[in-house]
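A.B. asks: I would like the atomic coordinates for the input below:
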Amino acid sequence: MRVLLVEDDDGVADALVEALRANGHRPARVRRGADALIAHRDADVVLLDLGLPDQDGLEVLRKLRKIDPVPVLVLTARGDERTVVRGLRLGADDYLVKPVRLAELLARIDAVARRSAARSQEPGDVVRVSDVEIDLQSRQVQVGGREISLTTKEFDVLAVLARRPGTAVSRQQLMDEVWGNAFVAVSRTLDVHLTQLRAKLDRPGLLHTIRGFGYRLGE
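C.D. replies: Predicted coordinates:
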């Protein structure tokens, strides 16, 4: 599995990277929370330390959970009950206190990855909602049997929603998947693309706005 290790301590990080690689995983390591909020897209599992140099790891976890369901294991020296409970409530899949036994860490990684795989369900290459057909592979969209022309970003926004038909998608998740960083992208840019997308689709009620959260494609 592709494991993203978010750890600022070089000694700890080097040991974990070596152990993960020796057990068949493909580890990548970043030191800062800001880097984790970009690199998470290439990971199957995230190992997150809480004592990061640029921001608290719990804040990184909170932001990550807004944009990505990737399994997160908190791996930290903070073992007090309050921090553990907060981490789990913020969406951590597991919480391990250092020092941790390697065999246990590997078993926990495998366990959360299995649970995540069981939950995930990807739609097919072609998504149909009412009389709108979205081909995710060829990047073509038909409305009532007529093909419409979308810009690259307009299609990217639609594709993020189409991969989760009928499911609410947050603004942060849309910006993260389309622009690469939910916390840098200008929110107004998303509004403009959604306005243009609605006009081209010409299907009122197809793209629903969920006030204070995000958007949904279809009912």
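
A.B. asks: roughly how far does Thr189 sit from Lys153?
C.D. replies: Distance, Thr189 to Lys153, by CB to CB, to the nearest Å: 8 Å. In this view, the C-beta of every residue, glycine as well, is placed from N, C-alpha and C.

A.B. asks: higher neighbour count, the two?
C.D. replies: Lys153 (16 against 13; other CB atoms under 10 Å).

A.B. asks: quick one: that one is in a helix?
C.D. replies: Yes. Under DSSP: H, G, I helix; E, B strand; the rest coil, Lys153 falls within a helix.

A.B. asks: mind listing what the spatially closest residue to it that is not a sequence neighbour touches?
C.D. replies: Nearest residue to Lys153 in three dimensions, chain neighbours excluded: His193, at 5.4 Å (CB to CB, 6 or more residues apart in numbering). Counting by CB atoms under 8 Å, 6 or more residues apart in numbering, His193 touches 151, 153-154, 157.

A.B. asks: how about the residue nearest in space to the middle of the chain: what's its closest non-neighbour residue?
C.D. replies: Closest to where the C-alpha atoms of the chain average out (CA atoms, centre = their mean) is Asp68, at 1.8 Å. Excluding the flanking residues, the one nearest Asp68 by CB to CB, 6+ apart is His40, at 5.4 Å.

A.B. asks: again with Glu59
C.D. replies: Glu59's closest residue in space is Gly33 (CB to CB, 6+ apart), at 7.0 Å.

A.B. asks: domains of the chain?
C.D. replies: Per the TED database, the structural domains of the chain span 2-120, 126-217.

A.B. asks: packing partners of the helix or strand of the chain with the lowest mean pLDDT?
C.D. replies: Ranked by mean pLDDT, DSSP states H and E, the weakest helix or strand in the chain is helix 102-119, scoring a mean of 80. If you count contacts as 3 or more CB pairs under 8 Å, 6 or more residues apart in numbering; DSSP states H and E, helix 102-119 packs onto strand 45-48, strand 72-76, strand 94-97.

A.B. asks: figure out which of those is closest to Ile210.
C.D. replies: Of all those, strand 72-76 sits nearest to Ile210, with 24.3 Å by CB to CB.
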